[in-house]
Structure formats: structure tokens, C-alpha cells
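Engineer: A structural model of the following input is requested.
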Amino acid sequence: LANRAGIEPDDCIVSLNHTPLLNIPYEDVLNTLKKNRNDSNLDFVVAKKSYLLKSRQKNAVLSNTQSDPSEKYSDTPSNT
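Structural biologist: Predicted coordinates:
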């Protein structure tokens, strides 16, 4: 089923048939997929692993540039 839909290992299925999967237990998602495996109209939203990695990396860079960590350990007060 996943192969036919173009889903690859390490992809993240974000929603199924317009239902967000963020807080749904894995077993429930699996059961839904099994019940609908022969349905010709399954609607997936998939996040590719490469996109997730780029997003995480970008967020890490952004959070590191928001403040200078050395200021936390400075003995002199900052001039702000």
C-alpha cells in the first residue's frame, strides 16, 4: 500500500483521509490503513525525511542565533 502511494522508508504520514495523525496511537493508524487497504481513494499527506531534517536543522540554527550563550556566563552585566 505504501509503496503504491510513493511513501518511502522514514517518511512521516502527517494525515490520512483529512484526519491529522499527530496524537493518534500507532495501532489505530495501522488499523485504519488495514481496513482501507483496498479503497481506491486514500488521501495521504506525507512529510519526506529530507524535509524534516532540513526543518530541524533550520530551527536549530535559528534558535542558536537568537541569543549569545556566552552572555549567560559573563561576569560583567550586559549593556542593553
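Engineer: for the record, mean pLDDT for the host helix or strand of L30?
Structural biologist: According to DSSP states H and E, L30 maps onto helix 26-35. If you average the pLDDT over helix 26-35, you get 85.
Engineer: Enumerate the positions of it that are buried.
Structural biologist: In terms of neighbour count (16 or more other C-beta atoms under 10 Å), helix 26-35 has its buried residues at 32-33. (Each C-beta comes from the backbone N, C-alpha and C, glycine too.)
Engineer: Tell me the helix or strand right after that helix.
Structural biologist: Per DSSP H and E, helix 26-35 leads on to strand 44-47 as the next helix or strand towards the C-terminus.
Engineer: Residues touching that following strand, excluding its own?
Structural biologist: The set of residues external to strand 44-47 that reach it, using C-beta atoms under 8 Å, 6 or more residues apart in numbering, is 5-7, 11-16.
Engineer: Equivalent analysis for stretch 20-36, please.
Structural biologist: Stretch 20-36 has contacts (C-beta under 8 Å, 6+ apart) with 1, 13-17, 42.
Engineer: what sits against S15?
Structural biologist: Residues in contact with S15 (C-beta under 8 Å, 6+ apart) are 21, 43-45.
Engineer: Could you report the neighbour count for N23?
Structural biologist: Counted with other C-beta atoms under 10 Å, residues neighbouring N23 total 5.
Engineer: tally of neighbours for I7?
Structural biologist: Here the count is done by other C-beta under 10 Å, and I7 has 15 residues near it.
Engineer: Low-confidence stretches in the protein?
Structural biologist: Counting by pLDDT under 70, the chain shows low-confidence ranges at 1-2, 5, 51-80.
Engineer: mind redoing it with 50?
Structural biologist: Screening the chain residue by residue with the criterion pLDDT under 50, one finds the ranges 64-74.
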